[in-house]
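Asks: have a look; sequence and predicted model below, questions after that.
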Amino acid sequence: MSCGFCASSIIVRVLTLPHGLVGNAILTDLNNTEVLSYGSTIPVAGDQVLAFHEMINLEDSGMFMEKIRNN
């Protein structure tokens with residue numbers, strides 16, 4: 001949803017649960033196209049998160065930048 005007055009955008013999610021409706025909203029600067037594009041991306045696997053964590057914890061920060069450039 002976007003405000004016609006201030007152009008702020010809100011991502012709204014409403015779920016129907018056995019005990020009623022539950023909703024939440026997030027204020028964002030993303031437009032509709034950007035928000036919808038996240039639904040079609042490939043999820044990040046746990047192994048990828050661990051590999052990235054190991055990469056940023058390298059003692060020599062130059063090695064980190066070199067690995068980023070090569071990937």
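Replies: In hand now; what should we look at?

Asks: only C-alpha atoms from now on, for both contacts and neighbour counts.
Replies: Noted.

Asks: can you pull the domain assignment for the protein?
Replies: 1-40, 42-71 (automatic domain parsing).

Asks: could you give the mean pLDDT of the first one?
Replies: Domain 1-40 comes out with an average pLDDT of 87.

Asks: quick one: distance of that domain to the chain centre.
Replies: From the chain centre to the centre of domain 1-40 is a distance of 13 Å (Cα atoms, centre = their mean, to the nearest Å).

Asks: sort out which residues of that domain are buried, please.
Replies: For domain 1-40, burial by neighbour count (16 or more other Cα atoms under 10 Å) applies to Ser2, Ser9, Ile10, Ile11.

Asks: what about the third one, which SS state?
Replies: With DSSP: H, G, I helix; E, B strand; the rest coil as the basis, the three-state label of Ile10 is strand.

Asks: next up, the contacts around it.
Replies: Neighbour list for Ile10: Met1, Ser2, Ala25, Ile26, Leu27, Thr28 [criterion: Cα atoms under 8 Å, 6 or more residues apart in numbering].

Asks: mind listing which of those residues are in strands?
Replies: Among those, DSSP state E puts Ala25, Ile26, Leu27, Thr28 in strands.

Asks: ranges for the helices of the protein?
Replies: Here the chain has its helices, by DSSP state H, at 32-38, 46-56, 61-70.

Asks: these into TSV, with extra columns for distance to Thr16?
Replies: Below are those laid out as TSV (distance: least, Cα to Cα, whole Å):
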stretch	distance to Thr16
helix 32-38	21
helix 46-56	29
helix 61-70	42
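
Asks: which one of these lies closest to His19?
Replies: helix 32-38 (28.3 Å; Cα to Cα).

Asks: against Arg13, how distant is the residue sitting furthest away from the middle of the chain?
Replies: Taking Cα atoms, centre = their mean, the residue of the chain most remote from its mean C-alpha position is His19, at 28.9 Å. According to Cα to Cα, to the nearest Å, His19 stands 17 Å off from Arg13.

Asks: please apply the same query to Phe5.
Replies: Taken as Cα to Cα, the span from Phe5 to Arg13 is 22 Å.
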